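Enquirer: predicted model, plus sequence, below.
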Amino acid sequence: MSEQLSEHFEKHELECHGEDCCGHSAPVSPLLLDFLEEFRDEVSQPVMLSCAFRCGTHNTAIGSDSETSQHPRGTAADILLLEGGWTVDHMGEVAEKVLDNNSIFADIHGGIGLYEWGIHVDVRHVYEEVTAETVATVAEDRGNSADEGTIARWDDRDA
């Protein structure tokens, strides 16, 4: 049985899924766990993650930039599209609501990325501007396309 990290999330759901790297560690931010619990409450259903923590070795192996990626910091999770007719736009709106309406996230300058498969959310403390051009460049670098189905929405809390 996997270790329980929060009320609804076990270690195996958040651990690194790489092979021959860190041994499936899961040093995730308590704020990320808080976000995931709040998001789960808002959508009133279980939330499936495609990944959360990724060690630097695994992150590099899949073509992600370990310098900027929030996954190796334990501050990001990729949430798969919810059942019951949910769209990524609606999931993104709920994620924004969770970040905006809870005082524990007041100092968070995180990001919400919308993709065909679901949403990426991070609870970083430093705001990094991500533009459509940046998303297209990163997608291209990874051999993907930034078409209509790959939308990035990042929340600037400095406003």
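Expert: Okay, I see it. Residues are numbered from 1 along each chain as shown.
Enquirer: only C-alpha atoms from now on, for both contacts and neighbour counts.
Expert: Will do.
Enquirer: tell me the SS of Gly113?
Expert: With DSSP: H, G, I helix; E, B strand; the rest coil as the basis, the three-state label of Gly113 is strand.
Enquirer: that one reaches Glu93, doesn't it?
Expert: No. The criterion here is Cα atoms under 8 Å, and Gly113 misses it with Glu93 at 11.0 Å.
Enquirer: for this protein, which segments count as helices?
Expert: Listed in chain order, the helices of the chain (DSSP state H) span 11-14, 30-43, 56-61, 88-100, 132-141.
Enquirer: low-confidence ranges in this protein?
Expert: Across the chain, the ranges flagged by pLDDT under 70 are 1, 125-159.
Enquirer: hang on, the earlier thing: could you redo the helices of the chain as TSV and give each row distance to Asp20 and mean neighbour count?
Expert: Below are the helices of the chain laid out as TSV (distance: least, Cα to Cα, whole Å; neighbours: other Cα atoms under 10 Å):
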stretch	distance to Asp20	mean neighbour count
helix 11-14	16	20
helix 30-43	25	18
helix 56-61	9	18
helix 88-100	33	19
helix 132-141	24	14
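Enquirer: now those in CSV, with distance to His71?
Expert: Formatted as CSV, those follow (distance: least, Cα to Cα, whole Å):
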stretch, distance to His71
helix 11-14, 10
helix 30-43, 11
helix 56-61, 8
helix 88-100, 17
helix 132-141, 16
